[in-house]
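1. predicted model and sequence below, questions to follow.
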Amino acid sequence: MKDRPTARTGAVRPPPEREPRGREPRTRDTQGREPPAQEPRGRTSRRRRASGAALGRAVLIATGLVTVYYVLPLDGRLTAGASAVLVCGLALVVVVFWWEVRAIVDSPWPRLKALEALATTLALFLLLFAGAYFLLEHTAPGSFSEPLTKTDSLYFTLTTFTTVGYGDITARSQPGRVLAMCQMLGGLLLVGVAAKILAGAVQAGLRRRDRDLGDDFPHGRRNQR
């Protein structure tokens, strides 16, 4: 089709742009920009299934750890061996956390994997201190303002972690206050440093996923997945 001059100005009008065959025309906004490509239905359904599975695993992990906390016989005393177990447990929290960080980077769904990592790390951290408070009260009665059951110990651990501090249960002995201070410092590290590491791992996982998609699907075919 040849260009035709306009009736008034005589300028040559360019031919209208045509979309390639086999591709639906895209509407443009008021600024002439094309809207982003919509996510394929298959990928959306996989994302929904992965979200449900990740949420279910996080709930199961937290529920399982709480169940183990109540089932374990913690009627002994806070001896040197029990203190060593607490230290080893905190080291286990660090090891599990770093393992989860690597899993986040390699996962096709980094945000969902970070949710599982947070549930596992936080549950382990809180339950370890709850068990330590319970053993301390049985070792030295009167370490707290009232005798502690397992539920009371978990309650005191949560109020200390969330900095609510209702004041109904307080640490009176020096070992109890030192243990509470250790939990406070660990909570600050968990909220500040660990959350930043998890966010960095999620970003690294997203970049790795986008790079893999770019390698598998060349430009122009990536949005057809």
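-> That came through, no problem.
2. next one: residue 157, what pLDDT does it get?
-> Note on residue 157: pLDDT of 94.
3. typed the wrong thing, it's residue 161
-> Looking at residue 161, its pLDDT is 91.
4. do you know how far the closest residue in space to it that isn't next to it in sequence is from residue 121?
-> Closest residue in space to residue 161, ignoring its immediate chain neighbours: residue 187 at 4.9 Å, by C-beta to C-beta, 6 or more residues apart in numbering. C-beta: built from backbone N, CA, C; applies to glycine. Remark: distance between residue 187 and residue 121 (C-beta to C-beta, to the nearest Å) = 12 Å.
5. quick one on the thing from earlier: how many residues are close by the residue nearest to residue 161?
-> Applying other C-beta atoms under 10 Å, we find 19 residues neighbouring residue 187.
6. for it, what are its contacts?
-> 125, 160, 161 (C-beta atoms under 8 Å, 6 or more residues apart in numbering).
7. go on, residue 96?
-> Counted by C-beta under 8 Å, 6+ apart, residue 96 has contacts 120, 121, 124.
8. secondary structure element for it?
-> helix 80-106 (DSSP states H and E).
9. what mean pLDDT does the strand or helix carrying residue 60 have?
-> In this assignment (DSSP H and E), residue 60 forms part of helix 41-71. For helix 41-71, mean pLDDT is 79.
10. what is the neighbour count of residue 60?
-> So residue 60, with other C-beta under 10 Å, has 12 neighbours.
11. please report the distance of it from residue 179.
-> For residue 60 relative to residue 179 (C-beta to C-beta), the value is 29 Å.
12. just the buried positions in the helix or strand hosting residue 151, please.
-> Assigned by DSSP H and E, residue 151 falls within helix 150-161. Neighbour counts over helix 150-161 (16 or more other C-beta atoms under 10 Å) mark 150, 152, 153, 154, 155, 156, 157, 160, 161 as buried.
13. flag the helix or strand of this protein with the lowest per-element mean pLDDT.
-> Sorting the helices and strands of the chain by mean pLDDT, DSSP states H and E puts helix 195-216 at the bottom, at a mean of 74.
14. tell me the buried residues in that helix?
-> 197, 198, 201, 202, 205, 209.
15. picking up where we left off before, what angle sits between the helix holding residue 96 and helix 195-216?
-> Helix 80-106 and helix 195-216 meet at an angle of 30 degrees, taking axes from the mean of the first three to the mean of the last three C-alpha atoms, to 10 degrees as the criterion.
16. quick one on the thing from earlier: tabulate the CA atom coordinates of the helix or strand containing the residue nearest to residue 161 in CSV.
-> Element membership for residue 187, per DSSP H and E: helix 174-189. This file holds the C-alpha atoms of helix 174-189, laid out as CSV (Å, rounded to 0.1, in the frame of the first residue of the first chain):
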residue,chain,number,x,y,z
GLN,A,174,19.5,-14.3,88.8
PRO,A,175,19.6,-17.3,86.5
GLY,A,176,16.1,-16.7,85.4
ARG,A,177,16.8,-13.1,84.5
VAL,A,178,20.0,-14.0,82.7
LEU,A,179,18.1,-16.6,80.7
ALA,A,180,15.4,-14.0,79.9
MET,A,181,18.1,-11.6,78.7
CYS,A,182,19.6,-14.3,76.5
GLN,A,183,16.2,-14.7,74.9
MET,A,184,15.7,-11.0,74.4
LEU,A,185,19.1,-10.8,72.6
GLY,A,186,18.3,-13.8,70.5
GLY,A,187,14.9,-12.4,69.6
LEU,A,188,16.5,-9.1,68.4
LEU,A,189,19.0,-11.1,66.3
